[in-house]
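Asker: my questions are about this predicted structure, shown below with the sequence.
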Amino acid sequence: VSLVESGGGLVQPGGSLRLSCFASGFTFSRYTMTWYRQAPGKARELIAGINSTGGITDYADSVKGRFTISRDNSENTVYLLMNNLKPEDTAVYYCNAESDYYSIDYWGPGTQVTVSS
């Protein structure tokens with residue numbers, strides 16, 4: 001089982017990034033996918049989630065209107081498009097897969113996003 005995030009990096013305020021999380025080793029289409037982030041010295045924060053079919057999404061107030069979560073079940077990948085990035089978006093971003101049927105979830109190792117001029 002593996003989740004691997006990619007697409008992080010350094011971006012200026014107001015810029016955009018698209019994160020990807022590729023899943024393998026489990027039936028991706030049966031898992032709810034969620035993006036979290038953790039800034040230095042802060043607790044991990046849930047920022048966006050999408051159900052197994054992609055028909056339902058939800059966002060934290062801090063990113064609503066700026067971030068968009070999506071998934072491609074044929075590619076076993078979940079995405080997070082981040083627009084109008086702010087310095088306070090700086091964090092390590094993690095994807096999480098939670099089974100719709102069992103008490104199982106998986107985490108990726110995270111990808112660093114730094115928003116700075």
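Answerer: Structure's in. What do you need? Everything numeric in this text was worked out from a predicted model, so none of it was measured.

Asker: phi, psi for the spatially most central residue of the chain please.
Answerer: Residue closest to the mean C-alpha point of the chain, counted by C-alpha atoms, centre = their mean, is W35 at 2.9 Å. Main-chain torsions, W35, degrees, to the nearest 10: phi -100, psi 130.

Asker: just list whatever residues bridge to it.
Answerer: A48, C95 (DSSP bridges).

Asker: relative to A48, how far out is T57?
Answerer: 7 Å (C-beta to C-beta, to the nearest Å). Using the backbone N, CA and C atoms, a C-beta is placed for each residue, glycine as well.

Asker: with R30 instead?
Answerer: 19 Å.

Asker: of the two, which one has the most company?
Answerer: Applying other C-beta atoms under 10 Å to R30 and A48 shows that A48 carries more neighbours, namely 24 against 14.

Asker: how close does that one get to Y102?
Answerer: 23 Å.

Asker: contacts only, for the residue nearest to the centre of the chain.
Answerer: By C-beta atoms under 8 Å, 6 or more residues apart in numbering, W35 lies in contact with 19, 21, 46-49, 69, 78, 80, 93-96.

Asker: please redo it, this time with the cut-off set to 6 Å
Answerer: For W35, the contacting residues are I47, A48, L80, C95, by C-beta atoms under 6 Å, 6 or more residues apart in numbering.

Asker: over to C21?
Answerer: C21 makes contacts with L3, E5, V78, C95, G108, as judged by C-beta under 6 Å, 6+ apart.

Asker: out of those residues, which are inside strands?
Answerer: L3, E5, V78, C95 (DSSP state E).

Asker: let me have these in TSV, extended by distance to S116 and neighbour count.
Answerer: Listed next are these as TSV, based on distance: C-beta to C-beta, whole Å; neighbours: other C-beta atoms under 10 Å:
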residue	distance to S116	neighbour count
L3	27	24
E5	20	22
V78	26	31
C95	23	28
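
Asker: which one of the residues you listed is nearest S117?
Answerer: Of all these, E5 has the smallest distance to S117: 24.3 Å, by C-beta to C-beta.

Asker: state the pLDDT value of the nearest residue to the closest one once chain neighbours are set aside.
Answerer: Distances taken as C-beta to C-beta, 6 or more residues apart in numbering place T111 nearest to E5, at 4.1 Å, with adjacent residues excluded. For T111, the model assigns a pLDDT of 98.
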